[in-house]
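Engineer: Everything below, folded, please.
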Amino acid sequence: MTDLDTQMLDFIDDVTALDDERLPLVTAREAQAAVQLLQHFAETGGAGAHAARHLATTLALRLPSNA
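Structural biologist: A predicted model of the protein is given here:
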């Protein structure tokens, strides 16, 4: 894991651990596109790949099954 992964995971985990109100900022299709892009970055194996995989999984689990 790289320093970038560690920084991003700390940020992601801090955000997901908070009990903040969620805001509807993107459409389901935009969220799907973001997940696909994150999965692409995760597959590259470069800096941030681990964090991208983690965030893609977290977001994908929140998407409606029909999205």
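
Engineer: switch to C-alpha atoms for all contacts and neighbour counts from now on
Structural biologist: Fine.

Engineer: Next up, the contacts around the residue nearest to residue 53 when sequence neighbours are not counted.
Structural biologist: Nearest residue to residue 53 in three dimensions, chain neighbours excluded: residue 42, at 5.0 Å (C-alpha to C-alpha, 6 or more residues apart in numbering). Shown in contact with residue 42 (C-alpha atoms under 8 Å, 6 or more residues apart in numbering): 48, 49, 50, 51, 52, 53.

Engineer: These in helices, which ones?
Structural biologist: 49, 50, 51, 52, 53 (DSSP state H).

Engineer: From the centroid of this protein, which residue is nearest?
Structural biologist: Nearest to the mean C-alpha position of the chain, counting by C-alpha atoms, centre = their mean, stands residue 55 at 2.2 Å.

Engineer: Mind listing residues that contact the helix or strand in which that one is found?
Structural biologist: Per DSSP states H and E: residue 55 is located in helix 49-62. The contact list for helix 49-62, computed with C-alpha under 8 Å, 6+ apart, reads 1, 5-6, 8-9, 12, 31-32, 34-36, 38-39, 41-43.
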